[in-house]
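Chemist: heads up, no residue letters with this:
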């Protein structure tokens, strides 16, 4: 009787397991020295961390993360707009027409984002200048020169210098801006 119950339980479990739908994932393989080895493409992951920090350094890092989170969406937008308007202007051979288009674009952007950008702190503005260079590959000064002219770029640079900013500053992800780069990568991968 015990063998019968055991056999019945075993049969029930076997049928239950075998009736479950199995999902197969096709993978590549390689034969090395007669052995077949599965070859699977894994997605890249990045692990970020900071060294042990003092409370003052933690506050500084928290402030930097907050400032990058505020400035980064504007830098992304600037990169997208840069590509869009560069394409439009490359199709416009007339210099006067180009100036009118850029003046119109500047007015539209100021109407849409001007009030928000005025609320940025000086630290967030400095980070935004660096991130614009990261997203576009050109400094803010070069972008203004290209789209609005040398005189406007000099005026904006003088205004920026008054607040301790430099529109000509380049983004250095391997040097001074390494922490900003790590924060941006964490934002892009959804870790922040």
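Modeler: Received, thanks. What you see is a predicted model, and the numbers here were worked out from it, not measured in a lab.
Chemist: what about the longest helix in this structure?
Modeler: Assignment by DSSP state H gives helix 55-90 as the longest helix of the chain.
Chemist: next, the angle from the next helix or strand after that helix to helix 55-90.
Modeler: As assigned by DSSP states H and E, the chain's next helix or strand after helix 55-90 is helix 95-118. Helix 95-118 and helix 55-90 are oriented at 160 degrees to each other (axes from the mean of the first three to the mean of the last three Cα atoms, to 10 degrees).
Chemist: where in the protein is pLDDT low?
Modeler: Scanning the chain with the threshold set as pLDDT under 70 gives 1-25, 46-50.
Chemist: could you name the helices and strands sitting against the longest helix of the chain?
Modeler: Applying 3 or more Cβ pairs under 8 Å, 6 or more residues apart in numbering; DSSP states H and E, we find helix 55-90 packed against helix 95-118, helix 122-136, helix 140-148, helix 178-188. Backbone N, C-alpha and C define where each C-beta goes, glycine included.
Chemist: one more time with 6 Å, if that's ok
Modeler: In terms of contacts (3 or more Cβ pairs under 6 Å, 6 or more residues apart in numbering; DSSP states H and E), helix 55-90 is packed against helix 122-136, helix 178-188.
Chemist: can you say which of those is packed in most?
Modeler: Most buried of these by mean neighbour count (mean count of other Cβ atoms under 10 Å) is helix 122-136; its value is a mean of 21.
Chemist: and whichever strand or helix holds residue 30, which strands flank it?
Modeler: Taking DSSP H and E as the definition, residue 30 sits inside strand 28-32. Here strand 28-32 is paired, per DSSP bridges, with strand 35-39 (antiparallel).
Chemist: so what's residue 157 closest to, chain neighbours aside?
Modeler: Leaving out its chain neighbours, the residue that sits closest to residue 157 by Cβ to Cβ, 6 or more residues apart in numbering is residue 167, at 5.0 Å.
Chemist: next, count neighbours for residue 45.
Modeler: When neighbours are counted by other Cβ atoms under 10 Å, residue 45 registers 7.
Chemist: what sits up against the strand holding residue 30?
Modeler: Applying Cβ atoms under 6 Å, 6 or more residues apart in numbering, the external contacts of strand 28-32 come out as 36-39.
Chemist: which SS state does residue 53 fall under?
Modeler: Three-state assignment for residue 53 (DSSP: H, G, I helix; E, B strand; the rest coil): coil.
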